[in-house]
Each structure stands twice: as structure tokens, then as C-alpha cells.
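**Q** the following block contains a protein sequence and its predicted model.
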Amino acid sequence: MPKMKTKSGAKKRFSFTGTGKIKRKHAYKSHILTKKSTKRKRNLTYSATVEKADVSNVKLMLGA
């Protein structure tokens, strides 16, 4: 059986932390930024972790 391919969109969007959690970026930070408050834009800058319910799907996409 051939190797399973990694989804190329997923490998660009997710990465693993040292403890094995999956990091992701926040959405809504790319355009139409004038109507968003500075505080909201600043908080969207930092990375977040993938929720527990979604971890198995993301790992399937990453082939991990």
C-alpha cells in the first residue's frame, strides 16, 4: 500500500508544539481591518491550539 499523503493546505496551516499539541492561527486577520478594534486585531495575532474535538481530524490531514 502506498504512503498516505499529507494535505498540503493543512501542512501550511498547522504545526506541533514541543509537548505534541497542534498550533493554529486565528482567522479574520487578513482584510477589512479598519472596522476592527486595535485590541481585537492584536489578540488575533497570537497563535492558539486546536480544540480537543478537532485534533483527530487535523492529525489525519497531517498524516501524524
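**A** Cool, the structure landed.
**Q** center of the chain, which residue is that?
**A** Nearest to the mean C-alpha position of the chain, counting by C-alpha atoms, centre = their mean, stands residue 24 at 2.4 Å.
**Q** for it, what are its contacts?
**A** The contact partners of residue 24, taken as C-beta atoms under 8 Å, 6 or more residues apart in numbering, are 13-14, 47-50. C-beta coordinates here come from the backbone N, C-alpha and C atoms, glycine included.
**Q** at 6 Å what do you get?
**A** Neighbouring residues of residue 24 by C-beta atoms under 6 Å, 6 or more residues apart in numbering: 14, 48, 50.
**Q** that one bridge partners, please.
**A** residue 48 (DSSP bridges).
**Q** let me know the pLDDT of it.
**A** Model confidence at residue 24, given as pLDDT, is 97.
**Q** for it, give its distance to residue 38.
**A** Between residue 24 and residue 38 the distance is 22 Å, computed by C-beta to C-beta, to the nearest Å.
**Q** one more: residue 13?
**A** For residue 13, the distance to residue 38 - C-beta to C-beta - is 25 Å.
**Q** more neighbours, those two?
**A** Between residue 13 and residue 38, residue 13 has the larger neighbour count (other C-beta atoms under 10 Å), namely 15 against 8.
**Q** related to what we said a few turns ago, highest neighbour count among the contacts of residue 24?
**A** Of the contacts of residue 24, with other C-beta under 10 Å as the count, residue 14 tops at 18 neighbours.
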